[in-house]
Each structure stands twice: as C-alpha cells, then as structure tokens.
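[1] The sequence and its predicted three-dimensional model are supplied below.
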Amino acid sequence: MKKRVLALAAVAVMALSVCAFAEEDFDASKGEGVEAKIAVITMDQMDVHWVRLEEAAEARVAAYNEAGANIELTWLAPETKDNAQQIQKIETATADGVGYIVIAANDATSCNKALEEAIDAGVKIIYVDSPATVEAAATFATDNYQGGVQAGEYLKAALDEAGVTEGEIGIVDAQAGVDSCQNRFDGFASVFEGTDFTIGERQYSDGDNAKAQELANTLIANGVVAIYGTNDGATNGSAAAVKDASANGETIYCVGWDKSDSNIAHVEGGELLAFMAQNPNVMGEMAVDAVVAIENGEDLGGETVDTGVSTVDASNVADFK
C-alpha cells in the first residue's frame, strides 16, 4: 500500500522530574563497595521490550561490578503476562532475600499486596515502564499518556492529509488492566474528541502477534478506517493485517507502539505509518543506578523520571535499526 510520508519530527526525552544521579554522566566507580541483590520482574520474557530492559540492566550491573561492586541481578519474569504468575515471582524474590525488586507491574493493583509484603520484609521497590499504586523508591517510565497523544496526533495528521475526515478507528490493545496501555489509549482517544471519528471498543490481544492479527482482520472486515496498537505484539499483528488488506486493494492507516525488528520492517513496508519508540534500555540502566544511589545513602524521594518516547516513521526509521 502506497502511503504518503509525514514529516513529523522525533520527540526528545521529556523529564517529569529527574533525580540528580540520573542527570550525571555514568560513573561506575560510584558502585565501589556496593553490595546488593536485585530481582527484575517484567510482565513477561517474550516481548523484545523486556529483553532489552533486562539486558541493559545486566550490562549496567556488569559495569559496576568491574569497578568494585558486588551486585547480583536475577530476571524472574513470568513466561507470559499473567497476574498470578507475577505475584508468585514477587513472593519468590522476597523469600530469596533480595534487597530490591525492579518491576513492571502487569496492572496498577493486582500485585499490591505482594509488593506491600515485600516492603514489610525490607525490600525496596523500583518501578520501570508500568507502576503499581504502592509507593516506590523511584519510577522510570515512559509518559504513556503523552505518548498516546503523539500517536493520535500523528494518525490524525495522516488521515487529514489523505482526506479522511470520519470513520471508526479500531483499537488493538494488549491486556485489560495494564496501566501503561490504559494511558496510551486515553491519550490517543483524547486527540479525536470533538471530531467525526469514533473510537472503537478495545480489543485485547494479550500482546500476542497472531491474536492481534485476527482481531485486526475482524476490525478491517467491519469497516474501520484506521487501527491503533498499544504495544509491540498488538502493533505487529495489526500491521500484518493491514498488509494483507493492502494486497486486496484496501487502505487502512495504522500506528502503534514499541520498537522491534518486526515493526521496523512494517514501517519500511508502508503498512505501519509509525510506532512510538520507548527507551527500555534507559529504564534498565536507571533502575540499577537507583539501587547504587540508594546504597550510597541517597533518598530518591519516590521521584518519577520520564525515559522518553520518539515517533518513528519512514523519515527516520533507519536511525532506529
């Protein structure tokens, strides 16, 4: 499907409030003498977003350890997104005597009891990507609402340029209750308030590419003019469905979330107009930096740091390979 390229600038990192240690250049010597045991609990182990976060955290730990720290990091994520499994991982980490749990919560409340029990046992909580409502030492995450606004504005500009002024926009979501995806949806939907576009009911794919493609196929068959995917799997599956529709002469506009090889290929192929790229590596690095800062006596005050989001389209996709 041939689409016009929209020359929208990539969005730079926007800090909500930045801890002093996050502003400084990385200095591994700050870890000298630090001893800590960290459990990283992401939503699953499949999504490339979490793999990159964990790999960055591991690399940061290695750098500190080379400079004289003794930090142990374990990745305890469930294989798939599942609240019960994530709670079990929190309980396991607490029983193992970790000092820190770095967690991307599946949703805002399901793991609260387990996190509170961990805190009672002396564990410090650091959120990455998706926080729960239990108070934590620090949070390193994308401003998902604003990222959703970016995605909505990009799609609206594309529709305006194509002369499409009304119709239903299909939503392929990840999982009900995930705070980050809720905010991405809310920000996106806000852009279309007061327009002649309608926002369809959220379809939950559990972040699975194949399921997302099936949902998107149904949306396309029902006549949507565009599709919005709220995470990597949802976007990848939606773009694959749009590609198939394009082969049949249909034009569906698609934007979504998360940097992956598949989504990069979809942008290059034209079936995906753009995706919002987060910085999971920054989240992983900053989480480990936070542990070192706390061990050195710093009080991070529960601050939230926005780790940034960029709009990736045909004009800049080569820079994100």
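    Received it, and whenever you're ready, just let me know what you need.
[2] contacts and neighbour counts: CA atoms only from here.
    Will do.
[3] and Lys81, what pLDDT?
    At Lys81, the pLDDT value in this model is 87.
[4] so who does it touch?
    Neighbouring residues of Lys81 by C-alpha atoms under 8 Å, 6 or more residues apart in numbering: 43-44, 106, 206.
[5] And Gly223, by the same measure?
    Glu168.
[6] At which residues are the strands of the stretch 1-150 of the chain located?
    35-41, 70-75, 100-103, 124-128, 138-141 (DSSP state E, counting those that start in this stretch).
[7] can you put those in a markdown table and add mean pLDDT?
    Below are these laid out as a markdown table (pLDDT from 0 to 100):
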| stretch | mean pLDDT |
| --- | --- |
| strand 35-41 | 98 |
| strand 70-75 | 98 |
| strand 100-103 | 98 |
| strand 124-128 | 98 |
| strand 138-141 | 96 |
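[8] which one of the contacts of Lys81 has the most neighbours?
    Most neighbours among the contacts of Lys81, by other C-alpha atoms under 10 Å: Asn106, with 27 neighbours.
[9] Save the strands of the stretch 1-150 of the chain as a markdown table, and put in distance to Ala241 and mean neighbour count too.
    Shown next, in a markdown table, are those (distance: least, C-alpha to C-alpha, whole Å; neighbours: other C-alpha atoms under 10 Å):
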| stretch | distance to Ala241 | mean neighbour count |
| --- | --- | --- |
| strand 35-41 | 32 | 22 |
| strand 70-75 | 33 | 18 |
| strand 100-103 | 32 | 27 |
| strand 124-128 | 31 | 25 |
| strand 138-141 | 30 | 26 |
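[10] Need those strands in JSON lines (columns: distance to Leu159).
    Listed next are these as JSON lines, based on distance: least, C-alpha to C-alpha, whole Å:
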{"stretch": "strand 35-41", "distance to Leu159": "39"}
{"stretch": "strand 70-75", "distance to Leu159": "42"}
{"stretch": "strand 100-103", "distance to Leu159": "37"}
{"stretch": "strand 124-128", "distance to Leu159": "33"}
{"stretch": "strand 138-141", "distance to Leu159": "29"}
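[11] what ranges do the helices span in the stretch 1-150 of the chain?
    Assigned helices in the stretch 1-150 of the chain, in chain order: 20-23, 48-66, 83-95, 112-120, 144-162 (criterion: DSSP state H, counting those that start in this stretch).
[12] tell me which strands and helices the helix or strand hosting Ser180 is in contact with?
    Using DSSP states H and E, Ser180 falls within helix 179-191. Packing partners of helix 179-191 (3 or more C-alpha pairs under 8 Å, 6 or more residues apart in numbering; DSSP states H and E): helix 144-162.
[13] For the helix it packs on, list every residue counted as buried.
    Neighbour counts over helix 144-162 (16 or more other C-alpha atoms under 10 Å) mark 144-156, 158-159 as buried.
[14] and what of stretch 308-318?
    For stretch 308-318, by 16+ other C-alpha under 10 Å, it's 308-315, 317.
[15] give me the low-pLDDT residue ranges for the protein?
    Low-confidence segments of the chain (pLDDT under 70): 1-24.
[16] Mind doing that once more with 50?
    1-23 (pLDDT under 50).
[17] follow-up on the earlier one: put together TSV for the helices of the stretch 1-150 of the chain, with distance to Asp258 on each row.
    Output for the helices of the stretch 1-150 of the chain, formatted as TSV (distance: least, C-alpha to C-alpha, whole Å):
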stretch	distance to Asp258
helix 20-23	23
helix 48-66	7
helix 83-95	22
helix 112-120	26
helix 144-162	11
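[18] To Leu300, which of those lies closest?
    Across the helices of the stretch 1-150 of the chain, Leu300 has its closest neighbour in helix 20-23 (8.7 Å, C-alpha to C-alpha).
[19] Strand partners (parallel or antiparallel) of the helix or strand hosting Phe275?
    Applying DSSP H and E as the criterion places Phe275 in strand 274-277. Strand 274-277 sits in its sheet next to strand 253-257 (parallel), strand 310-313 (antiparallel), going by DSSP bridges.
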